[in-house]
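J.: heads up, no residue letters with this:
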């Protein structure tokens, strides 16, 4: 995580191991897993985490995958994700709509509010 967020070194210290170069998808999977474990580590019943992101219609597929990883994490009960998007700017094949359908098939609890 310190490669993606260098300021994190101020909290956790400098990495003591050298990062091994891996294929892009392996690196993405590693990042998602480490970020998921990080979110688990900082959330507790006394300190839950609420993440709100706006304009998800512009989110790229990798960002949507990371969000999906977090919201499908059954080992973290103290994380709440709130996202908003303009439904008039997405079509049936848009990455966001595809990801939302995928979350529905995984039985992720969602609440939709249209305004």
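T.: Thanks, I have the structure now. Quick caveat: nothing in here was measured; it's all calculated off a predicted structure. Numbering: from 1, shown residues only.

J.: now the strands: where do they sit in this structure?
T.: 49-53, 79-83 (DSSP state E).

J.: and the ones you listed, which is most packed in?
T.: Highest mean neighbour count among the strands of the chain (mean count of other CB atoms under 10 Å): strand 79-83, with a mean of 14. (Glycine included, C-beta is placed from N, CA and C.)

J.: Serialize the strands of the chain to a markdown table and add fields for distance to residue 65.
T.: Below are the strands of the chain laid out as a markdown table (distance: least, CB to CB, whole Å):
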| stretch | distance to residue 65 |
| --- | --- |
| strand 49-53 | 14 |
| strand 79-83 | 13 |
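
J.: And these: which comes nearest residue 112?
T.: Residue 112 sits nearest to strand 79-83 of all the strands of the chain, at 10.6 Å, using CB to CB.

J.: Show the residue spans covered by the helices in the protein.
T.: Ranges of helices within the chain are 9-12, 24-42, 61-71, 95-105, based on DSSP state H.

J.: Contacts only, for the closest residue to residue 42 other than its chain neighbours.
T.: Spatial nearest neighbour of residue 42, excluding adjacent residues (CB to CB, 6 or more residues apart in numbering): residue 49 at 6.6 Å. With contact set as CB atoms under 8 Å, 6 or more residues apart in numbering, residue 49 has these partners: 39, 42, 43, 78, 79, 80.

J.: Below-threshold pLDDT in this structure: ranges please.
T.: By pLDDT under 70, the low-scoring segments of the chain are 1-6, 8-12, 15, 17-19.

J.: List the residues that contact residue 52.
T.: Contacts were defined as CB under 8 Å, 6+ apart; by that measure residue 52 touches 81, 82, 83, 84.

J.: can we see that at 6 Å?
T.: By CB atoms under 6 Å, 6 or more residues apart in numbering, the residues touching residue 52 are residue 82.

J.: Please report the distance of it from residue 85.
T.: Per CB to CB, to the nearest Å, residue 52 is found 12 Å from residue 85.
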